[in-house]
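Chemist: Any chance you can model this:
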Amino acid sequence: MHDAHFLLTDLLFGFSALLAIGLYIGAVLLTNGRGRLRKWPLHRSFSFVAGVLLAVMAVVGPFARLSHDDFTTHMAGHLLLGMLAPLLIALAAPMTLLLRTLNVRLARKLSRLLQSSFVGFFTHPIVASILNIGGLWLLYTTGLYSAMHTNIWLHIVIHIHVFLAGYLFTISLIYIDPVFHRFSFTYRTVVFIVALAGHGILSKFIYAYPPAGVPVEQARTGAMLMYYGGDAVDLLLIFILFKHWYQSVRPRKLVLGVGKTV
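Modeler: As a prediction, the model looks like this:
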């Protein structure tokens, strides 16, 4: 791509990142200023800002330019944009913050949207897994990877898809924000295991059969980064999922009277 194309992506993704951070921080200040007893947790704000910054780092500036010519850097960007950044943003509970910030009428409209079959379809664990893992298979086993380096709009669309698919996959497995289409821990864990297998097999496929135009050594290094780096992020997801599972089934004390519990 030409320098003009990089300038376009820098402006598009950079502005979007600044807007997202500004809206989130603005919503935090607004909801905290309403005299609520519980202020918005500071760690969620840090998580959101960190997630957005990691995502934009993968698509803006020197890192993005290097990833255009170096597959290993590209794969590092994939881990940031499609795995780690979506996890951090999901942990920031943006929908919960939005519901707290909106007035009652708009909050009810948003709740109805979140309860709709449309949202339920895309946040179904299987659908989200297909969009996420299936999209990666399509990218790296067809001519899409080569095409995205010559077509600016395809480049933009693919990067948006990688981020959104990663986010949908994350929120389909761990419930941080309000969830109106819930699935059991067992169901989500089984889907997660299958998705992990699909991601791992793809990394091995790339190692053996590099995408067109990618040098063998770069492909192998990138595939190893995809395999082990993906496992590192997936371990965080597994920890959170199993922590929620444990919290949902652990015995709770029953209060029988003042100072008496069982």
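
Chemist: which residue sits closest to residue 213, ignoring its sequence neighbours?
Modeler: residue 146 (5.3 Å; CB to CB, 6 or more residues apart in numbering). Bear in mind the C-beta positions are built from the backbone N, C-alpha and C, glycine included.

Chemist: Beyond the helix or strand hosting the one you found, next helix or strand please.
Modeler: In the assignment (DSSP states H and E), residue 146 maps to helix 144-147. Toward the C-terminal end, the helix or strand that comes next after helix 144-147 (DSSP H and E) is helix 152-173.

Chemist: Buried residues of that next one, list them for me.
Modeler: Residues 152, 155-156, 158-159, 161-173 are the ones in helix 152-173 that count as buried (16 or more other CB atoms under 10 Å).

Chemist: mean confidence score for it?
Modeler: What helix 152-173 shows for mean pLDDT is 96.

Chemist: ok so, going back, what are the buried residues along the helix holding residue 146?
Modeler: Within helix 144-147, the residues that count as buried by 16+ other CB under 10 Å are residue 145.

Chemist: and it, how far out from the chain's middle?
Modeler: 22 Å (CA atoms, centre = their mean, to the nearest Å).

Chemist: Residue 121 versus residue 230, what's the distance?
Modeler: 26 Å (CB to CB, to the nearest Å).

Chemist: okay, those two: which has more neighbours?
Modeler: Comparing residue 230 with residue 121 by other CB atoms under 10 Å, the one with more neighbours is residue 230, at 21 against 11.

Chemist: Show me what the helix holding residue 146 is packed up against.
Modeler: With contacts taken as 3 or more CB pairs under 8 Å, 6 or more residues apart in numbering; DSSP states H and E, helix 144-147 sits against helix 152-173.

Chemist: What helices and strands are in contact with the helix it packs on?
Modeler: Helix 152-173 packs on helix 3-32, helix 42-59, helix 85-91, helix 125-129, helix 135-141, helix 144-147, helix 185-208, helix 216-249, going by 3+ CB pairs under 8 Å, 6+ apart.
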